[in-house]
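Colleague: My questions are about this predicted structure, shown below with the sequence.
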Amino acid sequence: MTAEEKARKVVNLMYNNDPFSQWLGAERLKVEPGYCILRMKIRREMLNGFAIAHGGITFSLADSAFAFASNSRGRHAVSIDTSISHMASLKEGDVITAIAIEEQLGHRIGHYRVEVRNEAEEMVALFRGMVYRKSQEWEV
């Protein structure tokens with residue numbers, strides 16, 4: 001099995017057991033080792049009292065892309081630190097894309113950057129995350 005096939009199988013297994021990412025409506029556009037692109041549409045129930053997307057929604061999509069990218073090499077990886085900066089608001093009907101990129105991979109620690117962009121390709125949020133890589137492998 002190639003590294004790309006393994007990455008897709010791991011992410012498929014994770015997604016199929018991830019009701020929250022499914023509720024978000026996260027669509028997997030691209031999965032490669034250390035890399036993942038997800039897309040979703042902002043729905044009414046995702047809005048806050050200002051009629052804009054709750055910050056937790058962009059965080060959640062970025063966090064899912066981060067989880068998939070960090071596990072895509074075949075070892076269990078769990079989040080140990082995350083942060084997000086919001087640059088623009090989103091409204092109902094907006095479609096956003098999260099691009100998770102592995103910036104550094106060590107034996108036990110990995111660092112990732114996730115850019116969340118709108119349909120105009122403008123960055124609306126920047127997420128950074130660090131994972132602890134367990135010794136346990138995904139069985140795919």
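Modeller: Done, it's in.
Colleague: how about the strands in the chain?
Modeller: Remark: strands assigned in the chain by DSSP state E are 27-32, 35-41, 75-86, 95-105, 109-117, 123-137.
Colleague: Turn those strands into CSV, including mean neighbour count, mean pLDDT and distance to residue 17.
Modeller: In this view, the C-beta of every residue, glycine as well, is placed from N, C-alpha and C. CSV is the format used below for these (neighbours: other Cβ atoms under 10 Å; pLDDT from 0 to 100; distance: least, Cβ to Cβ, whole Å):
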stretch, mean neighbour count, mean pLDDT, distance to residue 17
strand 27-32, 16, 98, 14
strand 35-41, 21, 98, 16
strand 75-86, 14, 98, 13
strand 95-105, 18, 98, 19
strand 109-117, 21, 98, 21
strand 123-137, 17, 97, 15
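Colleague: want to throw the ones you listed into CSV with distance to residue 64?
Modeller: Output for these, formatted as CSV (distance: least, Cβ to Cβ, whole Å):
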stretch, distance to residue 64
strand 27-32, 10
strand 35-41, 6
strand 75-86, 11
strand 95-105, 7
strand 109-117, 9
strand 123-137, 10
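Colleague: right, and these - which one's nearest residue 1?
Modeller: With Cβ to Cβ, the closest approach to residue 1 among these belongs to strand 123-137: 12.5 Å.
Colleague: Need the distance between the two termini of stretch 88-95.
Modeller: End-to-end distance for stretch 88-95, by Cα to Cα, to the nearest Å: 13 Å.
Colleague: got a list of contacts for that stretch?
Modeller: Stretch 88-95 is contacted from outside by 39-44, 46-47, 50-53, 57-58, 96, 118-119, 122-124, using Cβ atoms under 8 Å, 6 or more residues apart in numbering.
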